[in-house]
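Chemist: sequence plus the predicted model coming up.
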Amino acid sequence: MARPRVVIVGGGFGGFTAARRLRRAPVDVTLVDRTNHHLFQPLLYQVATATLSPTDIMVPIRWGLRRQQNIGVILGEATAVDVTRRVVVLDDGRTELPYDYVIIATGARHSYFGHPEWEQLAPGLKSIEDALDVRNRFLLAFEEAERTDDPAERLAYQTFVVIGGGPTGVELAGMLPEVAKPMRLDYRRIDTRQTRVILLEGGPRILPAFPESLSDHAKRDLEKLGVEVRTNARVTHVEPDGVHIGDEHIRARTVFWAAGNAASKLATTLGAPLDEVGRVRVTPDLSIPGHPEVFVVGDLATVPRDNGTFVPGVAQGAIQEGQAAADNLLARVAGRPTRPFVYFNKGDLATIGRHRAVANFGLLHVTGYLAWLLWLFIHILYLVGFRNRVSVLLQWAYAYFTFERGMRLITNYARQWDGTVAVGGKYLSPDAPAPLAREQ
């Protein structure tokens, strides 16, 4: 008899984990991703702040699965899933992959709450390309401040606004001043210690998923670093020279986005019920209603918990869901009943800066140096590949003892004749002309 065909869409935490879980299963697996690498997203902000190299947090998917004989990898973008015909459509119909079972783990992108035009002015952090764009803009701001003779313009270039007070926004905001201050010896006309970082959160407190005591502690740590933390501050407009909070205008030439997610559009092709942000409402065993052969995991799924909350969109949630979906898939292959997914919270951590972090382990709350060490250990542990673990550990040790970041490189940069700056093919002014070919 032919072995069951399993297609996994997405090589992130959920899909990659599910693929590994099936390594000895009597099935033939095909993993599809639009990139050829698995990315450790929790450390993207460290690439964005010139602390780590992109290759430190990435591994080729083929390399990561090279010892699994029942798995093949396809580089392509899944644009639809036809649950009636049981095929995954790639690249708008160029290829179709038939399946007996499918696990969908395509994740999420940024949500700009009805203002997609803001993305050009306020990039977020979801991909390695996003991280390099943020790094370029961050470093380029100091170059532009060095060039100008206008004090007000110089201040605007040395002002950075981070929108969103979740873990990504908090970690990014805490890292920016730590990276900027040691750069003071690199410049002759500006003092990078005067860098201004503003963190804007629309809700009443930062880190809303953490207990209030830890949120307050994180806020105090950020303020000690010089970060201006503003809560109940809803951004109403983003423009090239700053952001608006109602009638207030904050002048800043560099804005970063960490304030919301939108589910992958692939969810709309499944015919399954969706929540208000486009995530799939899955059944307890992570399959979709009416199609027990289709599983959805990670940021694309909304998974309720017994306490009335939902599984958070974090790495450990996606990893556990990927494992559970693979186990339930094998149960269906063997004719056994599936099991409801139960999320085990191993703890929530967020680092604020050097020797500063918060950790929530349920009844146990940890802050300060110990939480920082736990954060370092756990992130090293979950990195894929021995080389990446060693490389990240060495980079962190170098930065810890020297206060230097070795990845301060501006790439894919061009300047128009009128002074408009382009980074990574994205012009910082929405009215700029189309990109020109970059000079070699």
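Modeler: Perfect, I can see it now.
Chemist: now Pro182, nearest residue through space, not along the chain?
Modeler: In space, and not counting its chain neighbours, Pro182 is closest to Phe403: 4.5 Å by CB to CB, 6 or more residues apart in numbering. (C-beta placed from N, C-alpha, C; glycine too.)
Chemist: test my guess that the one you found contacts Ala180.
Modeler: No - taking contacts as CB atoms under 8 Å, Phe403 lies outside contact range of Ala180: 11.4 Å.
Chemist: ok, the two, which is more surrounded?
Modeler: Each of Phe403 and Ala180 has its neighbours counted (other CB atoms under 10 Å); Ala180 has more, 24 against 13.
Chemist: burial check on Arg20, number of neighbours?
Modeler: Neighbours of Arg20 under the rule other CB under 10 Å: 17.
Chemist: list the contacts of it.
Modeler: Going by CB atoms under 8 Å, 6 or more residues apart in numbering, Arg20 touches Leu65, Gln68.
Chemist: am I right that it is in a helix?
Modeler: Yes - checked against DSSP: H, G, I helix; E, B strand; the rest coil, Arg20 lies within a helix.
Chemist: need the pLDDT of it.
Modeler: On pLDDT, Arg20 comes in at 96.
Chemist: poorly predicted segments of the stretch 301-440 of the chain, please.
Modeler: Along the stretch 301-440 of the chain, segments meeting pLDDT under 70 span 406, 413-440.
Chemist: for it, what spans make up the strands?
Modeler: Using DSSP state E, counting those that start in this stretch, the strands of the stretch 301-440 of the chain run over residues 301-302, 348-353, 356-361, 364-367, 413-415, 421-423, 426-427.
Chemist: what about the fourth one, distance to the chain center?
Modeler: If you compare the mean C-alpha spot of strand 364-367 with that of the full chain, they lie 25 Å apart, counting by CA atoms, centre = their mean, to the nearest Å.
Chemist: buried ones in that strand?
Modeler: By neighbour count on 16 or more other CB atoms under 10 Å, the buried set for strand 364-367 is Val366, Thr367.
Chemist: what packs against that strand?
Modeler: Applying 3 or more CB pairs under 8 Å, 6 or more residues apart in numbering; DSSP states H and E, we find strand 364-367 packed against helix 212-224, strand 356-361.
Chemist: tell me how far the spatially most central residue of the chain lies from Val134.
Modeler: Nearest to the centroid of the C-alpha atoms of the chain, with distances taken as CA atoms, centre = their mean, sits Lys126, at 3.6 Å. Taking CB to CB, to the nearest Å as the measure, Lys126 falls 11 Å from Val134.
Chemist: same question, Gly202
Modeler: For Gly202 relative to Val134 (CB to CB), the value is 21 Å.
Chemist: more neighbours: which of these two?
Modeler: Ranked by neighbour count (other CB under 10 Å), Gly202 and Val134 place Val134 first, with 26 against 18.
Chemist: buried sites along the strand or helix carrying that one?
Modeler: Assigned by DSSP states H and E, Val134 belongs to helix 128-147. Within helix 128-147, the residues scored as buried using 16+ other CB under 10 Å are 128, 130-142, 144-145.
Chemist: what is the next helix or strand after that helix packed up against?
Modeler: Following helix 128-147 in sequence order, the next helix or strand is helix 151-157 (DSSP H and E). Judged by 3+ CB pairs under 8 Å, 6+ apart, helix 151-157 is in contact with helix 128-147, strand 248-251.
Chemist: which residues touch the shortest one?
Modeler: The set of residues that contact strand 248-251 without belonging to it, under CB under 8 Å, 6+ apart, is Ala152, Leu155, Ala156, Thr159, Val161, Ile198, Asp241, Gly242, Val243, His244.
Chemist: can you report how many residues lie near the fourth one?
Modeler: Other residues within reach of Thr159 by the criterion other CB under 10 Å amount to 22.
Chemist: quick check: beta-bridge partners of it?
Modeler: On the basis of DSSP bridges, Thr159 is bridged to Arg196.
Chemist: against Thr168, how distant is it?
Modeler: Per CB to CB, Thr159 is found 20 Å from Thr168.
Chemist: so where's the stretch 151-300 of the chain uncertain?
Modeler: Nowhere does the stretch 151-300 of the chain drop to pLDDT under 70.
Chemist: where do the strands sit along it?
Modeler: Assigned by DSSP E, counting those that start in this stretch, the strands in the stretch 151-300 of the chain fall at 159-163, 196-200, 227-230, 237-239, 242-245, 248-251, 254-257, 261-263, 280-281, 287-288, 291-296.
Chemist: looking at these, which is nearest to Trp372?
Modeler: Of all the strands of the stretch 151-300 of the chain, strand 227-230 sits nearest to Trp372, with 16.7 Å by CB to CB.
Chemist: which helices and strands sit right next to the closest one?
Modeler: With 3+ CB pairs under 8 Å, 6+ apart as the test, strand 227-230 has helix 167-180, strand 196-200, helix 212-224 packed against it.
Chemist: figure out which of the ones you listed is closest to Ile61.
Modeler: Per CB to CB, nearest to Ile61 of the helices and strands packed on strand 227-230: helix 167-180, 23.5 Å.
Chemist: which residues touch that closest one?
Modeler: Applying CB under 8 Å, 6+ apart, the contact partners of helix 167-180 are 44-46, 48-51, 125, 138, 142, 160, 162-163, 192-193, 195, 197, 199, 201, 206-207, 209, 218, 221-222, 225-227, 229, 256, 258-259, 348, 350-354, 356, 405.
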